[in-house]
Each structure stands twice: as C-alpha cells, then as structure tokens.
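>>> whatever this is, show me its structure:
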Amino acid sequence: SRARLSQDGSMFLENEISFNGINDSTYREIFVKMTPEARTKYFERIVRAVAIGAELVRCEVTPENMQDTETPVRVMLSSRIPEAVLSGETCSELMVPFVSRVLGMANYVLNGNTSLEKRRYKLVLDSTASVQETMEIELNGVLGEVKNLPEDEIIKGGFNYCRAYRCENGVLTAHRCSAI
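All right, here's what the predicted structure looks like:
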C-alpha cells in the first residue's frame, strides 16, 4: 500500500491486495455471488471501516469472472481519507490506515469465544490463515520532525502477530502481519 499525506491533513491511499490460500477461496466464494457494483459497495464499507469518513475513489476486482480459479483474486483500491492527522497544540498524530485490520481471514478465525486463561483441551481450527501489509506513507513535511513511533510489537506462538514502524527520508513505512 502507498499513501500521500496532503498539507490539509488528508491522505490519498492506494492499496494493491492479493488474496492467497484461504483468503482467495473465501473471498472468491463471496465475490462470485456479487455483481461488480455490489463488490464496489463491499469495498466502500471496508474503506469506511479502516478510516472514518474515507471515500472510495476507485475499485478494481480481478478476475472479472470469479469462476476462473487459475487467476488469483486481486483488488486495487484508491481512496481518500479526509482527516488522517489528529492535530494537537504541541504535536500531531497520524492515523495509519491498515486495511489488513478488517480484511483477511486471519482476523476472523479466532472470532468468538476462543480466549481462555487456561485451556483444558487444545483449540482445533478448520484452517490456517495469515495477512500481511506493508504501507509506505509520503509525509511531505506535513508533520514536521517525527518524534515518536510505536514500539515494534511481536507475538510468537500458535498465533503470530507483528507490527513495526520506520521513518526515513520523509517516508513512514508501517508493517503489520498476523497468522494463525
């Protein structure tokens, strides 16, 4: 994903999403039942779930024929986020619009009542799933000097999660992954 921050605090975001494995199978099954207009509406909801007030500018879902299982499902999105920067008196905070927070089966495999302090029996899942996203945001001098970035977060085990931020030459690179 790539994004550009504007002087007014808005952001233009472009996502290239490739679906593989269980993500391809599940989303293909959903999309095959939809018209192209319904797919666009679906991604309008996804974009709005990522950032309040976000507007979908372009949506391209391929393959056009979802029954073509030789071609992986891919989605190209362009959107505009009107308020990506929360400005305060002494500092500003940038909202990083990770699409992977709301899209991808890894977000839903553990949905429900699966967390216990102590488990008597092993948790058995029907499938494994993962999602990865790397986003580069051109800051264009809007925020001034970057003073604080969130610490890297890494969780390993039966469920893996990572999140990392770096800023070099006016570009914020944010990475997020989760796998089960």
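>>> so for the chain, the centremost residue is which one?
residue 99 (1.7 Å; Cα atoms, centre = their mean).
>>> touching, residue 91 and residue 146? I think so.
No: look at residue 91 against residue 146 with Cβ atoms under 8 Å: they stay out of range, at 10.3 Å. Any C-beta I mention is one placed from the backbone N, CA and C, and that applies to glycine too.
>>> list phi and psi for the residue nearest to the centre of the chain.
Note on residue 99: backbone dihedrals following degrees, to the nearest 10 are phi -70, psi -30.
>>> my read: it touches residue 16, true?
No: with contact defined as Cβ under 8 Å, residue 99 does not reach residue 16; the gap is 10.2 Å.
>>> residue with max distance from the center of the chain?
Extreme point of the chain relative to centroid (Cα atoms, centre = their mean) is residue 120; 33.7 Å.
>>> elements contacting the lengthiest helix in the chain?
If you go by DSSP state H, the chain has its longest helix at helix 36-50. Packed against helix 36-50 by the contact rule (3 or more Cβ pairs under 8 Å, 6 or more residues apart in numbering; DSSP states H and E) you find strand 55-62, strand 74-81.
>>> ok and the first one relative to helix 36-50, angle-wise?
With axes from the mean of the first three to the mean of the last three Cα atoms, to 10 degrees as the criterion, the two stretches strand 55-62 and helix 36-50 enclose an angle of 130 degrees.
>>> sorry, back to before: check what pLDDT the residue nearest to the centre of the chain gets.
At residue 99, the pLDDT value in this model is 92.
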